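>>> build the 3D model from these lines:
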Amino acid sequence: MNRTVACFCFAIATIVFPHFSFAQEAQSNSKDWARWRGPTGNAIASADQKPPTSWSATESVIWKSKVPGTGHASPIIFADKIFLATAELKSQSQSVVCFDRQSGSQLWQTEVNNGEFPKKIYPKNTHASSTVATDGNHVFAVFNHHGAVDLTKLGFDGEIVWKKKVGNYDPFYKFGFGASPIIHNGKIIVTTESKVDSGIYAFDLKTGSQIWKIDRNGVSSYSTPVVAKVSGKEQLLISGGSKVKSYDPKTGAQNWETPTDWKVSCGTMVWDENMVFISGGYPAQQTLALNASDGKLVWENNVKSYEQSLLAVNGYIYAHSDSGVLYCWRAADGQEMWKNRFGSRKNPVSVSPVLANGNIYFTAENGETVVVKLDPKEFKEVARNKLGDKAFATPAFCDNQIYTRVGDSSTGSDHQWLYCLGKK
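Numbering: from 1, shown residues only. Below is the predicted model of the structure:
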């Protein structure tokens with residue numbers, strides 16, 4: 001195992017940063033982005049955040065740090081630390097890396113696997129595309145290797161607490177793996193949807209023992225599930241295998257299911273008070289709005305946002321389609337409020353949009369970001385920025401700053417960088 005010693009061990013961190021605790025799940029605050037798609041899984045930064053809207057390779061850059069290896073995993077943040085999953089192709093190793101949030105310096109790198117990557121994955125995918133999650137005390141990482149998916153629990157000092165095999169993994173389509181783990185009420189929830197051991201698993205955060213499993217036989221999905229309180233109750237929502245499904249996150253029991261035109265999806269579902277929304281996929285194009293109480297179809301269209309998730313805010317749905325067009329629809333009936341071309345099909349998208357301080361941040365794979373005012377009445381561009389030339393990871397927004405992972409091949413070799421953007 002290759003690991004640099006952390007600057008501060010977890011015991012010291014609990015003294016220096018009082019909101020750390022030894023409780024099973026520490027309370028996240030507005031300065032934390034502890035999971036895929038942020039504090040509540042809906043890609044909306046807390047109301048007190050005022051991140052920059054303009055930047056470049058030199059403008060608004062507080063620091064820039066080289067990321068070892070490659071990956072599409074998004075950064076997560078808790079207190080003074082940034083955590084990131086990454087992979088080294090040459091050595092076929094997969095690691096979790098920790099950076100200091102103030103300086104960007106690398107604190108440690110812990111290798112959790114070495115050898116036997118999948119022989120074939122989608123050319124745009126990586127062997128570290130799953131975003132890690134933290135409960136405020138530990139970091140949980142999911143990787144695919146040796147024909148299986150495993151879950152690793154690490155301390156904030158980089159030490160491995162436990163590691164377990166979730167299940168064998170042989171996807172119907174050789175896209176690789178990408179679903180991220182989520183934490184909910186003392187459980188870590190992981191998906192392994194493929195030809196074998198296909199399911200959604202819930203494990204105890206402390207011990208790693210299995211609490212429940214949802215069988216998902218015949219399902220092909222690369223989506224990260226989400227737990228949302230909608231229609232008056234908490235629901236575990238996920239799409240894939242030609243269906244959208246809702247489960248009880250306490251027991252894994254199914255609430256409802258709804259058929260879809262597409263077989264495969266990648267985006268995470270979004271929601272408002274009484275409805276849920278998802279777009280797919282492969283091979284058909286379809287965006288759906290469903291009643292969250294019974295899953296019945298409310299409206300649909302033929303727009304495709306395949307890898308990237310949607311954004312649901314204040315009764316409206318915002319989307320960055322695969323065709324390079326930005327959309328705003330009324331959530332109640334699907335009425336198109338506006339659309340505007342951002343890029344072309346030659347400039348695809350994988351990054352999911354994020355809302356912060358009344359602005360939506362849309363990013364294309366070429367590293368270009370357009371910042372759009374949150375306004376369902378008309379399209380209002382605030383700024384347009386470029387950083388690097390490869391963007392697949394969704395940025396994190398904390399403490400009035402943006403943390404983003406981008407690739408840059410301008411030097412002749414493909415390097416990945418972690419940027420902190422904000423006021424100097």
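>>> can you show me the strands along the stretch 301-424 of the chain?
Secondary structure of the stretch 301-424 of the chain (DSSP state E, counting those that start in this stretch): strands located at 311-313, 316-320, 325-330, 336-341, 354-356, 359-363, 368-373, 381-386, 396-398, 401-408, 415-421.
>>> any idea which of those gets closest to A133?
Minimum separation from A133 across the strands of the stretch 301-424 of the chain (Cβ to Cβ) falls at strand 396-398, 12.4 Å. Heads up, the C-betas are built off the backbone N, CA and C, glycines and all.
>>> wait, N137 touches K153, no?
No - assessed by Cβ atoms under 8 Å, N137 is found out of contact with K153, at 9.8 Å.
>>> including distance to S279, could the strands of the stretch 301-424 of the chain go into TSV?
Listed next are the strands of the stretch 301-424 of the chain as TSV, based on distance: least, Cβ to Cβ, whole Å:
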stretch	distance to S279
strand 311-313	11
strand 316-320	7
strand 325-330	10
strand 336-341	14
strand 354-356	17
strand 359-363	14
strand 368-373	18
strand 381-386	23
strand 396-398	23
strand 401-408	23
strand 415-421	27
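>>> and the ones you listed as JSON lines, adding mean pLDDT?
Converted to JSON lines, the strands of the stretch 301-424 of the chain look like this (pLDDT from 0 to 100):
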{"stretch": "strand 311-313", "mean pLDDT": "98"}
{"stretch": "strand 316-320", "mean pLDDT": "98"}
{"stretch": "strand 325-330", "mean pLDDT": "98"}
{"stretch": "strand 336-341", "mean pLDDT": "97"}
{"stretch": "strand 354-356", "mean pLDDT": "98"}
{"stretch": "strand 359-363", "mean pLDDT": "98"}
{"stretch": "strand 368-373", "mean pLDDT": "98"}
{"stretch": "strand 381-386", "mean pLDDT": "97"}
{"stretch": "strand 396-398", "mean pLDDT": "97"}
{"stretch": "strand 401-408", "mean pLDDT": "97"}
{"stretch": "strand 415-421", "mean pLDDT": "96"}
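>>> quick one, which of those is nearest to I188?
strand 396-398 (19.6 Å).
>>> run through who's touching the closest one.
By Cβ atoms under 8 Å, 6 or more residues apart in numbering, the list of residues contacting strand 396-398 from outside reads 30-33, 38, 45, 49, 51, 74-77, 82, 101, 354, 356, 402-404.
>>> which of those residues count as buried?
Among the contacts of strand 396-398, those classed as buried by neighbour count (16 or more other Cβ atoms under 10 Å) are 31-33, 38, 45, 49, 51, 74-77, 82, 101, 354, 356, 402-404.
>>> how long is stretch 187-206 end to end?
By Cα to Cα, to the nearest Å, the extent of stretch 187-206 from end to end equals 9 Å.
>>> distance from the chain centre to that stretch, please.
Here stretch 187-206 is found 17 Å from its chain centre; the criterion is Cα atoms, centre = their mean, to the nearest Å.
>>> buried set for it?
Applying 16+ other Cβ under 10 Å to stretch 187-206 flags 187-194, 197-203, 205 as buried.
>>> what does stretch 305-314 give?
Buried positions in stretch 305-314, judged by neighbour count with 16+ other Cβ under 10 Å: 305-313.
>>> can you check stretch 207-227 too?
Per 16+ other Cβ under 10 Å, stretch 207-227 contains these buried residues: 208, 211-214, 216, 219-227.
>>> same question for stretch 317-335.
For stretch 317-335, a neighbour-count test (16+ other Cβ under 10 Å) marks 317-324, 326-329, 331, 334 as buried.
>>> good, we can wrap up now.
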